[in-house]
Each structure stands twice: as structure tokens, then as C-alpha cells.
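J.: Sequence below, structure please.
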Amino acid sequence: MKRRIVRLWPVLLAGWLLAHPNPTSAREPAPEESRLRAHVATLASREFLGRNGAGGNKAANYLADHFRRLRLEPLFEGSYFQSIPGKDGGPPAGRNVGAVLRGSDPKLRDEWVIVSAHFDHLGMRGDVIYPGADDNASGVAMMLEVARAFAEGKERPKRSLMFVGFDLEELGLFGSRYFVEHPPVPLPRVALFVTADMIGRSLAGVCDPYVFVMGTENAPATRPWIEEASQGSPVTVGVLGSDILLLDRSDYGPFRARKVPYLFFSTGESPVYHTPRDVPETLNYPKLEAVSRLILGVVRRSTEADQAPRWAPSTTESMAEAVTIRDVLRILLKNRDALKIGGVQNVLMNNALRTLDSIVERGTITPEERTSVIRVARVVLFSVL
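T.: Reported below is the predicted structural model:
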């Protein structure tokens, strides 16, 4: 029965979306499933060669063409492209792609909100193509739909917006690293950096309702925006501290290193992560639409707020995070057989669950308790998933 419910979840979500249309969509344009599906199908098609090499160039042109159609200004001194130098003066290693929507408020338009996603993937291994439908055509589709929602909106946002597609994320975040080293505006003017990587499936293939967000520990002012934007959404937002990952796993990393407030959205690694089976027909498109609308809501609030979020020292002792980890561990343990969770991991996870149940009941968490819980979460991430 449980597996039938998991398989039916996309159908149930689609029905929910039809019965509960996003209130924003009645007033302003919003991401649409059909458009998201079309972007993913194109970017993950054989023609784009896994978006590496010639396929990467084709993907960069695809983004620039859509920015032109939306009549967005080029971001890089009259060009949509930021060339990333190759080694020793050789050919360019890749290209970032960016566009601008100028803000309307004379006092706030010199502050910037960046909406981004990386468009590159693994390319081909021999004759085998790695399509990268979720990684990260899903994130690019979101970015293009959020750009469309703002470009076609009745009113311009108060703060200015950049929409940026990063290249070479799969090669050590090289595209976003180059961007922050050669920014089109001074980084202190960036009020918020938002990126998404893999938002069309679910963690381990079983955490269906969840989308995870990292970065609120350094930008606590964004928490009310996330809560407000998630009201009425069929997806569950799981708040996590970025330090749950030992290494920066996506393009938020270079911005985090420079203390630019950021939010990173992801539904997590699925069983087809970095395999040729990451194909368009297996994505959960109603969920992708719901996550994209959630991100639009957060971005909209960030452009309109009187005060931009400020970088804060890490505030990771969060009850929201404790609840997220507890509930995810429960889901994983319910699927222990399918996930092949071994005896040692089972004991660690159950011990952590008992600790988390006590923490949630008490309503507080100490730094020492969080350190212990994060250790277990990392073991799960790197040995179970």
C-alpha cells in the first residue's frame, strides 16, 4: 500500500494544484507546468549532448534567446554572455549567461536580487549521454519561468533582478567562482542570491513532499518570506543548515564564501543522480511547478521588502531544522529495505531519532546536540543515499 501511495503522489499533487490554484497566479504570471516541462524536455534532449562542450554552447544560446524574447537587458556590458577563460590563454572554458530587469524604486533599484541555476551537466561518456533532466534542467526551467513571471508582470519589482545561468558547475563551481571574481555589479549591492539545483524529484526517491532550503542560518530575515510563500503550497519546506554538507555542493558556495546572503533550494539527490537515467519523462512536474512558484514567492518578497537581508553569524540551532531532520529520518527508516539501510546505519538513525524526539518535545536544541545530530545526518547522506 505504501508503494502505491508513493507512486500516486504526483497524481495527488496535480489534483491538489488544480483544486487550489496559486493565489498569485490570479493576479500575476507564475511558473506553469507545461512551460517547465518544455524547457526540461529541450535541455535534456539528445540534441543538447548532456550540455557539455557543443551542447553547453547550445544551452547557453537557448538561455540567451529566451532572455531576448522576454526583452530583458543583457547583464554583461551589452552582452548576455560572460566568457570564462580557458587555461593558459586557450579557448574559453565556458560561458555564463545573464540578463537584467531594472527595479522601479529610486531608493532600492541599485540593490540586486540574483535568481540562478547552473545549466551544464556531465555531457557524454563514450556513446552514452547523461541528459541531466533534474541536474539541472529543472533548475534552469524554474529560473526561466521566474524570469518570465517578472518580465510579463503588471508592475516592475522595486529592487533590480539578475537572472543568471552558470556554466561549469560540475567542474568545481568554476562558472559561479568566476562570476563572483568578476561581478557585473559590486557584490555588496547583492541583497540576496537564490539558486536551485535538482528540484524535480525527491531525496532518495522517497521524500516526496519535501523541498529543502539552506542559507537561512546566515540570512534569518528570509525565514518569514519562506513561511509566507509556502502558505497553501502542496510541498513541504524543510529548513537545513548549509553545514550539513561538508563541501559546498552548488553555486551558492562562492557567494557564501563572500558573505552574500543566499538561499539554496533542492529536493535532494535521487537514485538516478549523475546517471544516464536522469531523463525528462521521470520528473515530477506538478512538484516542479509547486517549487518554482514557491521560489517566485520568496524572490518577489525579497524585491519588495523595505530592508534587504543582512548577513548574520551562523544561527544553526534551529528547531525547524531539527524537525526536518527528524521527519526525514522517519521516512528513510520506513523505507529501510528498499534503501538497503544496514545495521550500523539503522542503529545510528534510531538513536538520532530518539534524541530529536526529545529535542522537539522540549522545544530547544543545544549546539552540542546539533553537532551530534548533524554527524548522523552526514553519515546518512554519504553512506545510505
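
J.: Now residue 350. Its backbone dihedrals?
T.: The phi and psi values for residue 350, taken as degrees, to the nearest 10, are phi -70, psi -40.

J.: For the residue nearest to it when sequence neighbours are not counted, give me its contacts.
T.: Leaving aside its sequence neighbours, residue 350 sits nearest to residue 333 (CB to CB, 6 or more residues apart in numbering; 7.1 Å). From N, CA and C alone the C-beta is placed, and that goes for glycine too. By CB atoms under 8 Å, 6 or more residues apart in numbering, residue 333 lies in contact with 341, 346, 349-350, 353.

J.: Filter those down to just the ones in helices.
T.: 346, 349-350, 353 (DSSP state H).

J.: picking up where we left off before, can you lay out the contacts of residue 333 as TSV showing pLDDT, neighbour count and distance to residue 65?
T.: Shown next, in TSV, are those (pLDDT from 0 to 100; neighbours: other CB atoms under 10 Å; distance: CB to CB, whole Å):
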residue	pLDDT	neighbour count	distance to residue 65
341	93	19	46
346	93	14	50
349	94	20	47
350	96	13	52
353	96	18	49
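
J.: can you pull out the helices in the stretch 151-300 of the chain?
T.: Secondary structure of the stretch 151-300 of the chain (DSSP state H, counting those that start in this stretch): helices located at 174-181, 223-230, 252-257, 285-304.

J.: of all the ones you listed, which lies closest to residue 361?
T.: helix 223-230 (22.1 Å; CB to CB).

J.: which strands and helices sit next to that closest one?
T.: strand 236-240, helix 285-304 (3 or more CB pairs under 8 Å, 6 or more residues apart in numbering; DSSP states H and E).

J.: now do 10 Å
T.: The helices and strands touching helix 223-230, judged by 3 or more CB pairs under 10 Å, 6 or more residues apart in numbering; DSSP states H and E, are strand 210-214, strand 236-240, strand 262-266, helix 285-304, helix 319-334.

J.: and the residue nearest to residue 350, how far is that from residue 323?
T.: Per CB to CB, to the nearest Å, residue 333 is found 16 Å from residue 323.

J.: what's the answer for residue 381, then?
T.: In terms of CB to CB, residue 381 sits 18 Å off from residue 323.

J.: Give me the most central residue, the chain.
T.: Closest residue to the average C-alpha location of the chain: residue 196 at 1.7 Å, with CA atoms, centre = their mean.

J.: Please look at it and residue 146 and confirm they touch.
T.: Yes - in this structure, residue 196 is within contact of residue 146 by CB atoms under 10 Å, at 9.5 Å.

J.: any common contacting residues for these two?
T.: 115, 117, 292, 295 (CB atoms under 10 Å, 6 or more residues apart in numbering).

J.: ok, of the residues you listed, which come out buried?
T.: 115, 117, 292, 295 (16 or more other CB atoms under 10 Å).

J.: Dump those into CSV; add distance to residue 71 as well.
T.: Shown next, in CSV, are these (distance: CB to CB, whole Å):
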residue, distance to residue 71
115, 17
117, 21
292, 21
295, 22
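
J.: and which of the residues you listed is nearest to residue 376?
T.: residue 295 (29.1 Å).

J.: In contact with that closest one, which residues are there?
T.: Residues in contact with residue 295 (CB under 10 Å, 6+ apart) are 31, 115, 139, 142-143, 145-146, 194-196, 199, 211, 213, 226, 229, 263, 265.

J.: how near is it to residue 146?
T.: For residue 295, the distance to residue 146 (CB to CB) stands at 6 Å.

J.: Spit out the residues that contact these two alike.
T.: Common neighbours of residue 295 and residue 146, using CB under 10 Å, 6+ apart, are 31, 115, 194, 196.

J.: Run a quick neighbour tally on the residue lying closest to residue 242 once chain neighbours are set aside.
T.: Nearest residue to residue 242, sequence neighbours excluded (CB to CB, 6+ apart): residue 214, at 4.3 Å. Neighbour count of residue 214, defined by other CB atoms under 10 Å: 24.

J.: just checking, residue 188 touches residue 180?
T.: No - at 12.0 Å, residue 188 and residue 180 do not qualify as touching, with contact defined as CB under 10 Å.

J.: Which of those two has more residues huddled nearby?
T.: residue 180 (18 against 11).

J.: Contacts only, for the more buried one.
T.: 173, 187, 190, 193, 251, 253-255, 257-258, 260.

J.: How much space separates residue 323 from residue 336?
T.: 21 Å.

J.: For the stretch 101-250 of the chain, just list every one of the strands.
T.: For the stretch 101-250 of the chain, the strands defined by DSSP state E, counting those that start in this stretch occupy 112-118, 124-125, 128-129, 160-166, 190-196, 210-214, 236-240.

J.: Output those strands in CSV; the columns should cover mean pLDDT and distance to residue 104.
T.: Converted to CSV, those look like this (pLDDT from 0 to 100; distance: least, CB to CB, whole Å):
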stretch, mean pLDDT, distance to residue 104
strand 112-118, 98, 13
strand 124-125, 96, 45
strand 128-129, 98, 44
strand 160-166, 98, 9
strand 190-196, 98, 15
strand 210-214, 98, 27
strand 236-240, 96, 29
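
J.: coming back round to it: and the contacts of residue 333 as TSV, adding distance to residue 313?
T.: Formatted as TSV, those follow (distance: CB to CB, whole Å):
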residue	distance to residue 313
341	35
346	36
349	30
350	33
353	29
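
J.: Pop the domain breakdown of the protein in here.
T.: Listed by automatic domain parsing, the domain ranges of the chain are 2-304, 319-384.

J.: Using CSV, write down the CA coordinates of stretch 49-60.
T.: What follows is stretch 49-60, C-alpha atoms only, in CSV (Å, rounded to 0.1, in the frame of the first residue of the first chain):
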residue,chain,number,x,y,z
LEU,A,49,24.6,16.4,-25.7
GLY,A,50,24.3,16.4,-21.9
ARG,A,51,25.0,20.1,-22.0
ASN,A,52,28.7,19.9,-22.2
GLY,A,53,31.1,21.1,-25.0
ALA,A,54,29.0,21.9,-28.1
GLY,A,55,25.9,21.0,-26.1
GLY,A,56,26.9,23.5,-23.4
ASN,A,57,27.2,26.2,-26.0
LYS,A,58,23.8,25.3,-27.4
ALA,A,59,22.3,25.6,-23.9
ALA,A,60,23.9,29.0,-23.3
